[in-house]
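> no sequence on this one, just coordinates:
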């Protein structure tokens, strides 16, 4: 546990300081939330119905920003080789990187999501559920994004490849989270969507580090 704590502090310092930390993700999130309503129309009723989906879509896109460099920088300067030879398994290294990415980018975005949704016309009653869904979905986004980053190691167009790999995997949490919020807004049972989202996030946290470690070993061979 002590070794994992050291790894996590290193990765969090890198994630917080790399490319402006959470500020870049928050700025991109604000831009997407501002632009999408322009295409959807100015009718308040229409915006209110689309607000949860817009907030989720913007959250997924903002989570992609810094994923390309999650492993690439350590791969290029040789730090990943040293981490692979260290006492901590690569699975723990991958988990530390993804948790640090979530804490540096996903958690601030989860705080911004309810504010953005209410600004678009969503009911304030949806804010607690949206915050919980954004936290859980953000964890899934970070771990699945880490999988895409590991699989794209060494490729010339890593950013494009990460998006191609990751975006289909982002669809289920977006569907589950937006579905739970729509059900709450419509007075329908919403716990099913939240439980599916939590289960998907738990599966991503449990399985993604194994696949990331295998992809890193393959890139280092």
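Good, I have the coordinates. These numbers come from a predicted model, not from an experiment. Numbers count the residues shown, from 1 in each chain.
> which secondary structure element contains the residue most central in space within the chain?
Taking Cα atoms, centre = their mean as the criterion, residue 141 is the residue nearest the geometric centre of the chain, at 2.9 Å. Secondary-structure element containing residue 141, defined by DSSP states H and E: helix 127-151.
> which secondary structure elements does that helix contact?
Other elements packing on helix 127-151 under the criterion 3 or more Cβ pairs under 8 Å, 6 or more residues apart in numbering; DSSP states H and E are helix 44-63, helix 69-77, helix 90-101, helix 107-119, helix 158-185, helix 191-220. From N, CA and C alone the C-beta is placed, and that goes for glycine too.
> Next up, the contacts around residue 113.
By Cβ atoms under 8 Å, 6 or more residues apart in numbering, the contact list for residue 113 reads 55, 56, 58, 59, 130, 131, 134.
> now residue 101
Remark: with contacts taken as Cβ under 8 Å, 6+ apart, residue 101 is in contact with 11, 15, 66, 67, 70, 142, 145, 146.
> before we move on, back to that, what about the helix holding residue 141, average pLDDT?
For helix 127-151, mean pLDDT rounds to 91.
> buried set for that helix?
Neighbour counts using 16 or more other Cβ atoms under 10 Å place 129-151 of helix 127-151 among the buried residues.
> What's the separation between the residue lying farthest from the centre of the chain and residue 52?
In terms of distance from the mean C-alpha position of the chain, residue 43 ranks first, at 30.1 Å (Cα atoms, centre = their mean). Here the distance between residue 43 and residue 52 works out to 16 Å (Cβ to Cβ, to the nearest Å).
> now swap in residue 10 and tell me
With the distance defined as Cβ to Cβ, residue 10 ends up 36 Å from residue 52.
> Between the helices and strands packed on helix 127-151, which has the poorest mean confidence score?
Ranked on mean pLDDT, the bottom entry among these is helix 44-63, at a mean of 78.
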